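J.: Provided below for reference: sequence and predicted model.
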Amino acid sequence: MPRGDQPIEHLLRRGGFGASVGDLAAYNGLSPNAIISRLIDYQQSPDGVDALIGQDSYVGVATRGGQFSPNTNIEDARQRWLFRMVHSQRPLQEKMALFWHQHFATAYSKIAGAVGGVQATKMMALVAGELPGPQGQLELFRSRALGKFRDLLIEVARDPAMLVWLDGRTNTRQRPQENFGREIMELFTFGIGNYTEQDVYAAARVFTGWNLRINPGGDNQEPTSYYGFFYNQNQHDTAAKTFTFPIYPNGQQTIPTRSAADGMQDGLDLMAALARHPDTARRLAGKMWNFFISEREAAPAAYLDGAVEVYQRNDTEIRSLVDYVFHSTWFLDARSVYARYSWPVEFVARAVKETGWQGFSIDNARTPLANMGQTLFEPPDVNGWELGAGWISTGSMLARMNFAATLTANQRFNLARLIPTTAQANPDQVLNAMLERLSPMFYADGPRSALLGYLSSGSPWTGSDAQLTTKAPSLARLILGSAEYQFV
């Protein structure tokens, strides 16, 4: 069985970003259930990955003027997140953060245009306690990755980046701003078909006064300044708000009149209703089917019904939902293996993990990722990135192949040394050794013959050191750039 078809590999591609040789050793001998438990119960593993940045044994980062400032420089923040994807001992935490980044798609560029680059980076990526101010949106996703969806939704509504992104900071009782009220129903919870324009306007009124202010002064370029959520009761619409769907468990559709001081409860009531709605559960479960199980087949009714029951029985807890997904009969089914297109960041992190990183800087991936169609902290719009086959085009495949060329050329001596001496004289064994290092899906006879043909092209195969140093990295490049490697 090829390396990539092993259950451990499938679990680590879906529950993380693939597996290095060290990762495989750490999980070796564990049953699928034990691996699932380790992935989901990640709080039992250390979260010291950021402290490894800059150490020789790990993938490098680029500094600017000797400084690496991921809390205030968005390019450094992108490097830090990619570093985590490669080296975190909590791969599912980073994978779920990526899931929520797509679900609550928020783009740095609009925020930077409003508050400047320093404050925008803090809003997107600040690690709590490293500078004054609330944790960045990514850290919110990491900290609440598997918590209750209701609580995550409430925190997103208060999140400074979201308040700029969907214009909540300008939502006042005189001019209710509808952007967040619309998207919380259309994109974040139960979806189109469950609400009307009346509901959008009512939701906008619910969130009047959920605004933003800078502390302690007004200097956007000062790292010690920060923007924080501010409930401005003077700007809250205190009148009753009526919806076309139930807000309360007794079926009541109207949020009652409240004093301005108590007006935040309007939003809490609405978000609780949206979070517990069965169509929200169904929509989240459908997204998780595509993210964790398959893009080739639609989620069956039995899966969705079971997911809704688990989600509601566990008070909107995402941990229980992910546990249900991983333990479902569909997850480890052979049809689910390599049944999803690799996102660019997944492709990059997995390629680095499997190829090696000694002397390589993760900063070298930022421009290629943009050419592949994905820049972290910069989804194209509120809908996020176009997933599935939308990742693959002539240009994006060229970018993937070019990145593979850069990475394998950087690792050429390491790749040559990984071929065992006993295999060097036989091209077929050389290919097998490389496939033991990498994890593409199964090659049919034609593509496999083409890879073997490459090894013997130009001159007869001898297995000399010079030949291995030339051919091994190029063979790895061909594998990473092949169609068979673009699926997880």
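T.: Yep, it's here. Numbers count the residues shown, from 1 in each chain.

J.: Can you pull up the most central residue in the protein?
T.: Taking C-alpha atoms, centre = their mean, the centroid of the chain lies closest to Leu98, which sits 1.3 Å from it.

J.: quick one: contacts for the closest residue to that one other than its chain neighbours?
T.: Counting by C-beta to C-beta, 6 or more residues apart in numbering, Leu98 lies nearest to Val345, which is 6.9 Å off, once chain neighbours are set aside. Backbone N, C-alpha and C define where each C-beta goes, glycine included. If a contact means C-beta atoms under 8 Å, 6 or more residues apart in numbering, then Val345 has Phe17, Leu82, Met85, Leu98, Leu369, Gln374, Leu376 as its contacts.

J.: between those, which is closest to Gly168?
T.: Leu376 (23.0 Å; C-beta to C-beta).

J.: a strand runs through that closest one, doesn't it?
T.: No: secondary structure of Leu376 (DSSP: H, G, I helix; E, B strand; the rest coil): coil, not part of a strand.

J.: Nearest residue to it in space, please, no chain neighbours.
T.: Arg78 (4.7 Å).

J.: Tell me if I'm right that that neighbour and Gln374 touch.
T.: No: checked against C-beta atoms under 8 Å, the pair Arg78 and Gln374 is beyond contact range at 10.6 Å.

J.: Those two: who's more crowded?
T.: Remark: of Arg78 and Gln374, Arg78 carries more neighbours, 25 against 20, as counted by other C-beta atoms under 10 Å.

J.: what's the helix or strand for the more buried one?
T.: Using DSSP states H and E, Arg78 falls within helix 74-87.

J.: Show me what that helix is packed against.
T.: On a contact count with 3 or more C-beta pairs under 8 Å, 6 or more residues apart in numbering; DSSP states H and E, helix 74-87 meets helix 91-103, helix 117-125, helix 344-355, helix 366-372.

J.: So which of these is nearest Gly384?
T.: Nearest of the helices and strands packed on helix 74-87 (C-beta to C-beta): helix 91-103, 4.3 Å.

J.: Could you identify the helix or strand that succeeds the closest one?
T.: Downstream of helix 91-103, the next assigned helix or strand under DSSP H and E is helix 108-115.

J.: Look up how far Asp199 lies from Ile247.
T.: Counting by C-beta to C-beta, to the nearest Å, the gap from Ile247 to Asp199 is 10 Å.

J.: ignore the last one, Ser109
T.: For Ser109, the distance to Asp199 - C-beta to C-beta - is 30 Å.

J.: Comparing these two, which residue is more hemmed in?
T.: Using other C-beta under 10 Å, the more surrounded residue of Ser109 and Asp199 is Asp199, with 20 against 13.

J.: Pull the residues that contact the helix or strand where the more buried one lies.
T.: Per DSSP H and E, Asp199 falls inside helix 197-206. Applying C-beta under 8 Å, 6+ apart, the contact partners of helix 197-206 are 171, 173, 176-178, 180-182, 184-185, 237, 239, 241-245, 255, 266-267, 270.

J.: contacts for the helix or strand of the chain with the lowest mean pLDDT?
T.: The weakest-scoring helix or strand in the chain, judged by mean pLDDT, DSSP states H and E, is helix 21-27 (a mean of 92). Residues from elsewhere that reach helix 21-27 (C-beta under 8 Å, 6+ apart): Ile8, Glu9, Leu12, Ala19, Ile35, Arg38, Lys353, Arg437.

J.: Now tabulate the residues you listed in CSV and tack on distance to Gly116.
T.: Converted to CSV, the contacts of helix 21-27 look like this (distance: C-beta to C-beta, whole Å):
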residue, distance to Gly116
Ile8, 45
Glu9, 44
Leu12, 39
Ala19, 40
Ile35, 44
Arg38, 41
Lys353, 35
Arg437, 45
